[in-house]
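Q: Give me the fold of what follows.
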Amino acid sequence: MWQVVYISPNRVVAEQIKSLLTNEGLLVMLRPIGVPHLGDSGAVEVLVPETEAEEASQILTEKAPL
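A: All right, here's what the predicted structure looks like:
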């Protein structure tokens, strides 16, 4: 089961978060939310497996440049 660890305002930020987490060895999936016609400017959920959610949250707290 996948768990949302971050909701990004757009695809660009989501890709940055994905890169950060995958560089730490985590599996990451991006899922657009909201209105499809917004394309890359719409919000995107960043998900990781439930077993990696706590680690992902810790990485985001310590290393995310947001």
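Q: Quick one: low-confidence residue ranges for the protein.
A: Residue ranges of the chain with pLDDT under 70: 35-39, 65-66.
Q: Please, where are all the strands along it?
A: Along the chain, counting by DSSP state E, strands occupy 2-8, 29-32, 44-49.
Q: what pairs with the spatially most central residue of the chain across the strands?
A: Nearest residue to the geometric centre of the chain (C-alpha atoms, centre = their mean): Val46, 2.4 Å. Per DSSP bridges, the residues bridged to Val46 are Tyr6, Leu30.
Q: can you list the strands of the chain in JSON lines and add distance to Glu62?
A: (C-beta placed from N, C-alpha, C; glycine too.) What follows is those, written out as JSON lines (distance: least, C-beta to C-beta, whole Å):
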{"stretch": "strand 2-8", "distance to Glu62": "13"}
{"stretch": "strand 29-32", "distance to Glu62": "21"}
{"stretch": "strand 44-49", "distance to Glu62": "15"}
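Q: Out of these, which one sits most buried?
A: Counting by mean count of other C-beta atoms under 10 Å, strand 44-49 has the highest mean neighbour count of the strands of the chain, with a mean of 21.
Q: could I get that one in CSV with only the CA atoms?
A: Extracted in CSV, the C-alpha atoms of strand 44-49 (Å, rounded to 0.1, in the frame of the first residue of the first chain):
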residue,chain,number,x,y,z
VAL,A,44,0.8,16.3,-7.3
GLU,A,45,0.9,13.8,-4.5
VAL,A,46,4.2,12.2,-3.6
LEU,A,47,3.7,8.6,-2.4
VAL,A,48,6.0,6.0,-0.9
PRO,A,49,5.3,2.4,0.3
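Q: how much does it deviate in direction from strand 2-8?
A: Compare the direction of strand 44-49 with that of strand 2-8 by axes from the mean of the first three to the mean of the last three C-alpha atoms, to 10 degrees and you get 150 degrees.
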